[in-house]
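J.: Need a 3D model of the sequence below.
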Amino acid sequence: MKLIKLLLLTVAIGIGAPAMAQWQWIDKDGRKVFSDRPPGLDVPEKNIVKRPKGYGALKGVQSSGTGPALRDVAPAPQDGEASDGAVAPAPAAAAAPASGAPAAKAPSGKDKELEAKKAADAKAKADAEAAEKAKQAAAKADNCKRAQQAKAMYDTGKAVRVPNEKGEMVFQNDEQRAAEIKRTDDVIFNNC
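T.: Numbering: from 1, shown residues only. Next comes the predicted model:
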């Protein structure tokens, strides 16, 4: 029974080991990037901070950080393992894909969905601000029009009736009329 448990534990650890393979590098913007995949071609060798255990130096990459268009990453042979004798493709062969298909774009280290969401949020915010400004401009124009109509009514010199506190319609006295004319002048000054 102990043998079965030990065997299961060994298998579980062995299955999880490849999942722990972790790459770390510094991207062109100076941010540390973590991934389970090797960095793109735009990342120089000197910027690779950590490789998964068992991976040697990247094949086909020169020490200056400029290498062929294809990065061939393979685990370094472990003790007791035989090397298969595979050799990295020559730089000339790696530069031109054999199938004639364009080379895949190297990852930039930025999350495209996050950038798109930020841009959409910024656009929505700008649209909301523009709509609010348009709403305020329409309200200001409406206030201006109403104040000009009230001013024209007061300029005729006719008596104006307004509701009192009981809701009855009464004529304005001279003091109320002067206060209302001053208020409409202020509205016209601020909105027109």
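J.: give me every residue that touches Q176.
T.: V162 (C-beta atoms under 8 Å, 6 or more residues apart in numbering). In this view, the C-beta of every residue, glycine as well, is placed from N, C-alpha and C.
J.: tell me which element it is part of?
T.: Using DSSP states H and E, Q176 maps to helix 174-191.
J.: can you tell me the average pLDDT over that helix?
T.: The average pLDDT for helix 174-191 rounds to 88.
J.: In it, which residues are buried?
T.: The neighbour-count check on helix 174-191 (16 or more other C-beta atoms under 10 Å) flags R177, E180, T184, V187, I188, N191 as buried.
J.: Go through the residues you listed and name the one nearest I4.
T.: N191 (86.1 Å; C-beta to C-beta).
J.: Contacts only, for that closest one.
T.: Applying C-beta under 8 Å, 6+ apart to N191 gives the contacts K140, A141, N143, C144, A147.
J.: what's the answer for Y154, then?
T.: Here Y154 is in contact with V160, R177, E180, I181, T184 (C-beta under 8 Å, 6+ apart).
J.: JSON lines for those residues, including distance to A130?
T.: Below are those laid out as JSON lines (distance: C-beta to C-beta, whole Å):
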{"residue": "V160", "distance to A130": "39"}
{"residue": "R177", "distance to A130": "41"}
{"residue": "E180", "distance to A130": "35"}
{"residue": "I181", "distance to A130": "36"}
{"residue": "T184", "distance to A130": "30"}
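J.: Go through this protein and flag its longest helix.
T.: helix 112-155 (DSSP state H).
J.: Flag the shaky bits of the chain, pLDDT-wise.
T.: The model of the chain has pLDDT under 70 over residues 14-21, 54-110.
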